[in-house]
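Undergrad: Okay, here's the prediction I keep looking at, along with the sequence it came from:
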Amino acid sequence: MKIVVIGGTGLIGSKLVARLGEHGHEAVPAAPTTGVNTLTGEGVKEVLQDANVVVDVSNSPSFEDSDVMGFFRTSTTNLLDAAGAAGVGHYVALSVVGTERLPESGYLRAKLAQEELIKGAGLPYSIVHATQFFEFAGRIADSATVSGTVRLSGAAVQPMAADDVAAAVGKTAASAPLNGTVEIAGPEVFGLDQWIGTVLAARHDPREVITDPQARYFGAVPDRELLPGAGASLAQTRLSEWLTSQ
């Protein structure tokens, strides 16, 4: 199949393109650096010609509330219009576990808006809800750093490796549309503070992690909302194994 990967040069996208290619698909990476810009519409119609599947794993360059909402509304609308015109038979999007449960988060509100656009477009679709990626631990620590210390709550999370995310998204893309949502997660549950503290210690990062029950995570104060449901598909890679491989 011809599978166009929007965001195909990023962390998940590049892994996904490689994996789909190994399985015999024509995987086409699409990003501004390849001449495809979903915000302006540049190159979108052309890259989707004769595509069987489009997979959107792109992300907003800015996480400010208004910026991220504008990104997902505009880019998703442009993609859906072009996919419909091209007769694409399966629209796949990567989203976040807990999107609908934390409306105080501007980022998750934007992801929910993206999902609602997809569900209302009339195209066969699949949405993959993933938990946090191991690879984003550093970014999370940086965003929570105040005066040299990292302030995070003990909210429960079940993070996973980007390789496992790409594998799950690739499997979904190569299968029949779900017209629904599937959840994927890592094999272990941590406190958010515990997870980030473990990664920082393994990297010999001197920052202290302070547990603050009121610390916000992308604008929200989660408890167990970021955990997947009982029917989630669990990946195999444990945090200790991932840290050893880095």
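TA: Yes, it's here. Residues are numbered from 1 along each chain as shown.
Undergrad: what's in contact with stretch 118-125?
TA: With contact meaning Cβ atoms under 8 Å, 6 or more residues apart in numbering, stretch 118-125 is reached by 76, 80, 83-84, 88-93, 127, 177-179. Yep, even glycine has a C-beta here, placed from its N, CA and C like the rest.
Undergrad: Let's see which of the residues you listed end up in strands.
TA: Among these, the members found in strands (DSSP state E) are 90-93, 127.
Undergrad: my guess is residue 232 contacts residue 185, does it?
TA: Yes - in this structure residue 232 lies within contact range of residue 185 using Cβ atoms under 8 Å: 4.9 Å.
Undergrad: which residues do the two both contact?
TA: Common neighbours of residue 232 and residue 185, counting by Cβ under 8 Å, 6+ apart, are residue 97.
Undergrad: Quick check on those two: which one has the bigger neighbour count.
TA: Between residue 232 and residue 185, counting by other Cβ atoms under 10 Å, residue 185 is the more crowded of the two (26 against 18).
Undergrad: What separation do you get for that one and residue 15?
TA: Distance of residue 185 to residue 15, computed by Cβ to Cβ, to the nearest Å: 18 Å.
Undergrad: The closest residue to residue 26 other than its chain neighbours: how many residues sit nearby?
TA: In space, and not counting its chain neighbours, residue 26 is closest to residue 2: 4.5 Å by Cβ to Cβ, 6 or more residues apart in numbering. Using other Cβ under 10 Å, residue 2 is surrounded by 16 other residues.
Undergrad: just residue 132 next, same as before
TA: That count, for residue 132 with other Cβ under 10 Å as the rule, works out to 23.
Undergrad: Likewise for the one 4 residues further on?
TA: Residue crowding around residue 136 was assessed by other Cβ under 10 Å; the count is 15.
Undergrad: Confirm it sits in a strand?
TA: No - remark: residue 136 does not belong to a strand; assigned using DSSP: H, G, I helix; E, B strand; the rest coil, it is helix.
Undergrad: Roughly how far does it sit from residue 209?
TA: 16 Å.
Undergrad: And residue 79, by the same measure?
TA: Relative to residue 209, residue 79 is positioned 38 Å away (Cβ to Cβ).
Undergrad: Relative to residue 35, how far out is residue 3?
TA: From residue 3 to residue 35 the distance is 18 Å (Cβ to Cβ).
Undergrad: between those two, who's got more neighbours?
TA: Between residue 3 and residue 35, counted using other Cβ under 10 Å, residue 3 has the larger neighbour count: 25 against 12.
Undergrad: could you list every residue that touches that one?
TA: Contacts of residue 3 (Cβ under 8 Å, 6+ apart): 20, 25-28, 51-55, 173-174.
Undergrad: ok, of these, which one's closest to residue 199?
TA: Looking at the contacts of residue 3 and their distance to residue 199, the nearest is residue 55, at 27.8 Å (Cβ to Cβ).
Undergrad: tally of neighbours for the closest residue to that closest one other than its chain neighbours?
TA: Excluding its sequence neighbours, the residue lying closest to residue 55 (Cβ to Cβ, 6+ apart) is residue 92, at 4.4 Å. The local packing of residue 92 (other Cβ under 10 Å) involves 27 other residues.
Undergrad: Quick check: the gap between residue 92 and residue 175.
TA: Taking Cβ to Cβ, one finds residue 92 at 10 Å from residue 175.
Undergrad: anything in contact with each of those two?
TA: In contact with both residue 92 and residue 175: residue 126, using Cβ under 8 Å, 6+ apart.
Undergrad: now the helix or strand encompassing residue 20: how far from the chain's centre is it?
TA: Using DSSP states H and E, residue 20 sits within helix 11-22. Distance of helix 11-22 from the chain centroid (Cα atoms, centre = their mean, to the nearest Å) equals 14 Å.
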